[in-house]
Each structure stands twice: as structure tokens, then as C-alpha cells.
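Student: Sequence first, then the predicted structure, then my questions.
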Amino acid sequence: MANMRKSFIDNLRWMDVFLLIPYHAAQSFNTWGELNYIYFGSNKAISSFIVFFSPFFMPLLFLLAGMSTRYALKKRSYGQYIIERVKRLIVPLIFGVLTFCPMLAYIGDLTNYAYKGSFWEHYKIFFTKLTDLTGFDGGFHVGQFWFLLYLFVISLVSVAIIALANKLLKNSNKTVCMPFWSICLMVIPLPFLYDLISVGGKSFAEYLYIFLIGHYVISDDEMIEKAQKYRLHTLIIGLVAGIADVYMFIWSGKDFGTINVIAKALAEWFTLLALIGIGKNSLDHKNKVSEYMAERSFPFFSLHFLWIVLFQYWFADALSSNTFLLFIIPIICSYAATIICSEICLKVPALRFLMGTKNKG
């Protein structure tokens, strides 16, 4: 049973990661005036893609990580788990910040502030220019690797909570089986967590909450079966809330405030439940395609952002008159380049280690 659960978890994970390219490409067209490494101006249709996926896009990875931690701790001690987290998260984090993030910051400085120096001159600037930590101005940042940093810290905090609960409370290591309606009510704290311990719009409190729910609740066999049973119900709620969120934030021209936040929370939680149910129902298997994609998800995550920014930079002038092509062509080229580079990384043991990918066998 554990292997079957792991199959749909792995499939949901790599599918989520492989959507990162269009998601990050769309940020160059955002309507809320946020700088990017390269910015082409606002486009409501493309921005709608970001707003629709953003409520559940990254939370899904934290939910799956919480579930995976439940299964991992059945086979590993706390110490072994932490060592594994260092190899899988901290190593690629450090490697990414030293190699890919300086390139992204360089392009940000070129496009946003007309930097005139060389990349190697700017490499020194990257480690000494501390501003808003976005990297859009050429300063120090961690790029997409914020996820690895958050996940590592949350993993440590969660293990401490789990270990303490196991010591103080009887049966605290068991999963919690609850009526499905009470699982639905777990959406209530989310609007209050969005701005709690938040850096750059990324809430540590929200992701910790999702991770622990994944560990203690959603990893339970009966909970997974209930999510599977009610997958269409939760999907409808999630889709309706997501569309409402997009309309209020992008198309209405008004500030709906708290109502918009509630719609975002409903879209996040019910889409997460729907994806777990759909995953269990339709993705709980392994084949050559799923194994191929799952193995490449770690290098894909590390490499994708640099390629999308590079191709947008290279095609900016040639495709400036056609927004659709300026959005689509860099995405297609980025998928090809990222897959090719992922293949190379998996063939080289040192790069495989630096990307946080497990060795075969």
C-alpha cells in the first residue's frame, strides 16, 4: 500500500514541477506591476494563468512533502531523515545560489537597470549587493531555490514537533482519521496565515500548516480514500473559487479585499483535496514515462528558471510585436533545453549529487 501511495505522490510532484516553466514565463507579463528578471508589460490573459495556479501550485509540493515525511519516518530515524534532507535540499540550494542565481541577477540588472559591465564583474556584485532579495535589481537572491530553503527549515521544525509529540503524547505518531466535512473546515485558518511570517509573499506559517496536515491527516489511508470519493465535489469548489479569485484580482478593476482572500483560500484548499483524490484515482501507478519524469524533476527544478529567462531575453526583440509568440516560443525552447541539460546532469555523478537527485540503486 505504501508503494501505491508513493506512486501518485511522485506523479503529482513531477507534474507540478513541470508546470514551472509556463508559470514563471507568465510572470514577465504580470498586471500588478511586479518587476521580473525581464518584463514585457501587462497582459491580463497571461496573468490569469498565474493567479489561477498560485493558490495551490506551491502548497501542493509542501502537502506532498508532509505526506512523504510520514512514510520516510517509518523507514528512517530522525537523524537519517535530516541527513537525507541536507543532501536533497541544502546541497542543490547552495549549488543553485552559486551558479544559476548570479546569472539571473545579471539579466535582471541588464534589463531593468541597463547594467553595462560583464557577467564576471557582476558576479562579484551579486554577493555584495543586498537589497530586496528578489534579484530583479541585480542583487543577491535565492531565486526559485527559496522553496528548498523553506522546505528544509519546515522539515526541521516539523521533525522537532513530531519528536516532541511522540515523547509527550500517547499515540501521537498515528495519523488522524476525521470526517471529511471536518477536513474541509481546515481551510478556515488559511486566510490568517498568508501574512504570518511571510517573506516576499511566501508565508512560512502557511506552508508549515500545509506540511503538518499532509503528515498527520492526509497521509492516512482512509483520508486518501475519502479525498478520492469526493474528488469531483472538491474540484468543482476549487475551480469556482479559483475563477472567482482570477476575476476579482485581474478583471474586475476593483479591490475586493477580504472576499478575494477568502476565494484564494477556498481555491487553495479544495483544489489540494481534489488533486489528492484525482491522484489516487488516476495516477496511482508506475510506468516508464512516470519513472522517467520523476527522476528528472530535481534537475528540472534547478535548471528551468535560467532557461526561461535566457530565451525570453534572446527572443525579446525578435518577437516583441507578437505577445502570443513571445510567451509560447521561449516556453517550448525552455522545455527542450531543460530536459537536455537534465539528461546531462543525470549522466554525471557529481552533477547528479549537486542537483539533489538520488543515485540509482
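Tutor: Yep, it's here. Just so we're clear, the structure is a prediction, and the values are computed from it rather than from any experiment. Numbering: from 1, shown residues only.
Student: what kind of secondary structure is Gln228 in?
Tutor: Counting by DSSP: H, G, I helix; E, B strand; the rest coil, the backbone at Gln228 sits in helix.
Student: meant to ask about Phe256, not that
Tutor: Following three-state DSSP, we place Phe256 in the coil state.
Student: List the residues that contact the nearest residue to it once chain neighbours are set aside.
Tutor: Nearest residue to Phe256, sequence neighbours excluded (C-beta to C-beta, 6 or more residues apart in numbering): Met248, at 4.4 Å. In this view, the C-beta of every residue, glycine as well, is placed from N, C-alpha and C. With contact taken as C-beta atoms under 8 Å, 6 or more residues apart in numbering, Met248 is in contact with Lys254, Phe256, Ile259, Asn260, Ala263.
Student: May I have the phi/psi pair for Met248?
Tutor: Met248 has phi and psi values of phi -70, psi -40 when expressed as degrees, to the nearest 10.
Student: element containing the spatially most central residue of the chain?
Tutor: Against the mean C-alpha coordinate of the chain, by C-alpha atoms, centre = their mean, the closest residue is Met58 at 3.4 Å. Taking DSSP states H and E as the criterion, Met58 maps to helix 44-72.
Student: Show me what counts as buried in the helix-or-strand element of the chain with minimal mean pLDDT.
Tutor: When the helices and strands of the chain are scored by mean pLDDT, DSSP states H and E, helix 2-18 comes last with a mean of 82. By neighbour count with 16 or more other C-beta atoms under 10 Å, helix 2-18 contains the buried residues 5-18.
Student: what's the angle between that helix and helix 44-72?
Tutor: Interaxial angle, helix 2-18 versus helix 44-72 (axes from the mean of the first three to the mean of the last three C-alpha atoms, to 10 degrees): 150 degrees.
Student: contact partners of helix 2-18?
Tutor: By C-beta under 8 Å, 6+ apart, helix 2-18 touches 57, 60-61, 64, 67-68, 71, 74, 219, 221, 224, 275-276, 279-280, 283-286, 290, 293-294, 296-297, 300-301.
Student: Quick one: buried ones out of these?
Tutor: Buried among the contacts of helix 2-18 (16+ other C-beta under 10 Å): 57, 60-61, 64, 67-68, 71, 219, 224, 275-276, 279-280, 283-284, 286, 290, 293-294, 296-297, 300-301.
Student: thinking again about what came up before, name the member of the contacts of Met248 with the most neighbours.
Tutor: Within those, Ala263 tops the neighbour count with 23 neighbours, counted by other C-beta atoms under 10 Å.
Student: surely that one meets Ala241?
Tutor: Yes. Ala263 lies in contact with Ala241 (C-beta atoms under 8 Å); the separation is 5.0 Å.
Student: any weak-confidence spans in the stretch 151-300 of the chain?
Tutor: Along the stretch 151-300 of the chain, segments meeting pLDDT under 70 span 170-176.
Student: And the strands in it?
Tutor: Counting by DSSP state E, counting those that start in this stretch, the segments of the stretch 151-300 of the chain that form strands are 198-199, 202-203.
Student: need these in TSV with mean neighbour count, can you?
Tutor: Shown next, in TSV, are the strands of the stretch 151-300 of the chain (neighbours: other C-beta atoms under 10 Å):
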stretch	mean neighbour count
strand 198-199	12
strand 202-203	18
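Student: would CSV of the ones you listed with distance to Ile213 be doable?
Tutor: Below are the strands of the stretch 151-300 of the chain laid out as CSV (distance: least, C-beta to C-beta, whole Å):
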stretch, distance to Ile213
strand 198-199, 19
strand 202-203, 14
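Student: Who are the contact partners of the residue nearest to Val97 when sequence neighbours are not counted?
Tutor: Nearest non-adjacent residue to Val97, counting by C-beta to C-beta, 6+ apart: Val142, 5.5 Å away. Counting by C-beta under 8 Å, 6+ apart, Val142 makes contact with Leu93, Gly96, Val97, Cys101, Leu133, Leu149.
Student: for the host helix or strand of the third one, the distance to its chain's centre please.
Tutor: This means Val97. In the assignment (DSSP H and E), Val97 maps to helix 91-113. Between the centre of helix 91-113 and the centre of its chain there are 18 Å (C-alpha atoms, centre = their mean, to the nearest Å).
Student: mind saving the C-alpha coords of that helix as CSV?
Tutor: Output of helix 91-113 as CSV, limited to C-alpha atoms (Å, rounded to 0.1, in the frame of the first residue of the first chain):
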residue,chain,number,x,y,z
VAL,A,91,23.2,20.8,-1.5
PRO,A,92,21.2,21.9,-4.5
LEU,A,93,20.3,25.1,-2.7
ILE,A,94,23.9,26.1,-2.3
PHE,A,95,24.9,25.0,-5.8
GLY,A,96,22.0,26.9,-7.3
VAL,A,97,22.7,30.1,-5.5
LEU,A,98,26.4,29.9,-6.5
THR,A,99,25.7,29.1,-10.2
PHE,A,100,22.3,29.9,-11.5
CYS,A,101,21.2,32.9,-9.3
PRO,A,102,24.1,35.1,-10.3
MET,A,103,23.1,34.7,-14.0
LEU,A,104,19.5,35.6,-13.3
ALA,A,105,20.6,38.6,-11.3
TYR,A,106,22.9,39.7,-14.2
ILE,A,107,20.0,39.6,-16.7
GLY,A,108,17.8,41.5,-14.2
ASP,A,109,20.4,44.2,-13.9
LEU,A,110,20.7,44.4,-17.7
THR,A,111,17.0,44.7,-18.5
ASN,A,112,15.8,46.7,-15.5
TYR,A,113,18.8,49.0,-14.8
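Student: Please consider this matter closed, and thank you.
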